[in-house]
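K.L.:
coordinates only, no sequence provided:
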């Protein structure tokens, strides 16, 4: 079972029905799930799945298999389940109109494998789908964003999803990446990376951990804040030994940020128009060899001016939608050519269709499967 990064406020009481001191794998453990909404009100008729990990056989080396219980929450938002377990229980909760939520619980045991605590309470929350919107969204964690040059500032266009010339086809300088590298003998390489916004009124706003809902698929707040974008630059720095093939560092101390770009300000410095988004980290950098660096992070950008809505609709990734539109247009032109003139596209036309499909498939690596 996939334990979703979702929304459910569930109180999980895992109890050894057969009493204290029972050995794992032989004890029947009890689970009470209480699902609530963002107002802490019970959610009735939520679909619950509980997986109790248990041994396949009496031989622990044979591995484990889940014992699954399913049902719906009652008028109190609760669901009860019991089964034998070796110490881990996973829970999913979902309901139409809400984002899925999930969690797991690990039993405490002593060195002999006996249960020490059988009752545990875990709050999980189901969050409503309010107003999901189309966004430009990319995940560079699977493949990395290759920095085309170091020692010089390199601009990146968040809507084009590309570097500015001469390294790409971007048009607007939304973020500027600068990697400085300094060799210190044959043993160490010192480097630092900065990520800057470019306009007055642009900036980053760290997302406090207290505003996150880690067990919900909608992990972060629905709306970006209006103000407090005074942070204009993110910094990463580290040293790398000469024998290391790469070095990774994360963005301390904040891992996730809202950002504001393309801001326009009035004569008093007030922001009159801007685009808002979220940068999900931790921002990591890989140094490969001596000439190449790759960044890892996710970003979401709402293209509607002044809209602070950060509830992304995974079915409306604007990068994929634009690629689909390009492919469809070329295929329609090919069909029209065949219908009207009984001709197939020339070699250049066929290659254009092939290239558009290749570009679409390449986007899937960084654009599909992003959570809201």
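P.N.:
Noted; the coordinates are in hand. These numbers come from a predicted model, not from an experiment.
K.L.:
hey, let's count contacts and neighbours off CA atoms from now on
P.N.:
Noted.
K.L.:
listing partners with orientation, what would you give for the strand ranked longest in the chain?
P.N.:
Identified as the longest strand of the chain according to DSSP state E is strand 271-288. Strand pairing for strand 271-288, using DSSP bridges, gives strand 248-249 (antiparallel), strand 256-265 (antiparallel), strand 292-302 (antiparallel).
K.L.:
off-centre distance for whichever helix or strand comes after the last one?
P.N.:
Beyond strand 292-302 on the C-terminal side, the first helix or strand identified by DSSP states H and E is strand 312-317. Between the mean C-alpha location of strand 312-317 and the chain-wide mean there is a distance of 13 Å, by CA atoms, centre = their mean, to the nearest Å.
K.L.:
elements contacting strand 312-317?
P.N.:
Other helices and strands packing on strand 312-317, by 3 or more CA pairs under 8 Å, 6 or more residues apart in numbering; DSSP states H and E, are strand 133-139.
K.L.:
mind listing the strands the strand it packs on pairs with, and their directions?
P.N.:
strand 292-302 (antiparallel), strand 312-317 (parallel).
K.L.:
still on that earlier bit, now the longest strand of the chain, how far from the centre of its chain.
P.N.:
13 Å.
K.L.:
list the buried residues of it.
P.N.:
271, 273-287 (16 or more other CA atoms under 10 Å).
K.L.:
cool, stretch 160-180 as well?
P.N.:
Applying 16+ other CA under 10 Å to stretch 160-180 flags 161-164, 170-179 as buried.
K.L.:
quick revisit: residue 148 is nearest to which of the strands paired with strand 271-288?
P.N.:
strand 292-302 (7.5 Å; CA to CA).
K.L.:
circling back to that earlier point, in TSV: the strands paired with strand 133-139, plus distance to residue 98.
P.N.:
TSV is the format used below for those (distance: least, CA to CA, whole Å):
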stretch	distance to residue 98
strand 292-302	21
strand 312-317	13
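K.L.:
and of the ones you listed, who's closest to residue 28?
P.N.:
Taking these one by one with CA to CA, strand 312-317 is closest: 39.6 Å.
K.L.:
in a markdown table, list the strands paired with strand 133-139 along with mean pLDDT.
P.N.:
Converted to a markdown table, these look like this (pLDDT from 0 to 100):
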| stretch | mean pLDDT |
| --- | --- |
| strand 292-302 | 90 |
| strand 312-317 | 96 |
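K.L.:
if we can go back for a sec, I'd like the strands paired with strand 271-288 as JSON lines, with distance to residue 126 and mean neighbour count appended.
P.N.:
Listed next are these as JSON lines, based on distance: least, CA to CA, whole Å; neighbours: other CA atoms under 10 Å:
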{"stretch": "strand 248-249", "distance to residue 126": "34", "mean neighbour count": "16"}
{"stretch": "strand 256-265", "distance to residue 126": "22", "mean neighbour count": "22"}
{"stretch": "strand 292-302", "distance to residue 126": "22", "mean neighbour count": "21"}
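K.L.:
which one of those strands lies closest to residue 96?
P.N.:
That would be strand 292-302 among these, by CA to CA, at 24.8 Å.
K.L.:
quick one: that closest one to chain centroid distance?
P.N.:
11 Å.
K.L.:
residues contacting that strand, please?
P.N.:
133-149, 158-159, 275-288, 308-310, 312 (CA atoms under 8 Å, 6 or more residues apart in numbering).
K.L.:
returning to what we had before: and which of the buried residues of strand 271-288 is nearest residue 320?
P.N.:
residue 277 (17.8 Å).
K.L.:
report pLDDT for the closest one.
P.N.:
Residue 277 carries a pLDDT value of 98.
K.L.:
residue 264 now?
P.N.:
On the pLDDT scale, residue 264 gets 96.
K.L.:
so how far is residue 206 from it?
P.N.:
Distance check for residue 264 against residue 206: by CA to CA, to the nearest Å, it reads 21 Å.
K.L.:
and what of residue 327?
P.N.:
Taking CA to CA, one finds residue 327 at 38 Å from residue 206.
K.L.:
quick revisit: closest to residue 224 out of the strands paired with strand 133-139?
P.N.:
strand 292-302 (10.5 Å).
K.L.:
domain parsing for the chain?
P.N.:
15-125, 133-313, 317-367 (automatic domain parsing).
K.L.:
deepest in the core, which of these is it.
P.N.:
Most buried of these, by mean neighbour count (mean count of other CA atoms under 10 Å): domain 15-125, with a mean of 19.
K.L.:
thank you kindly, that will do.
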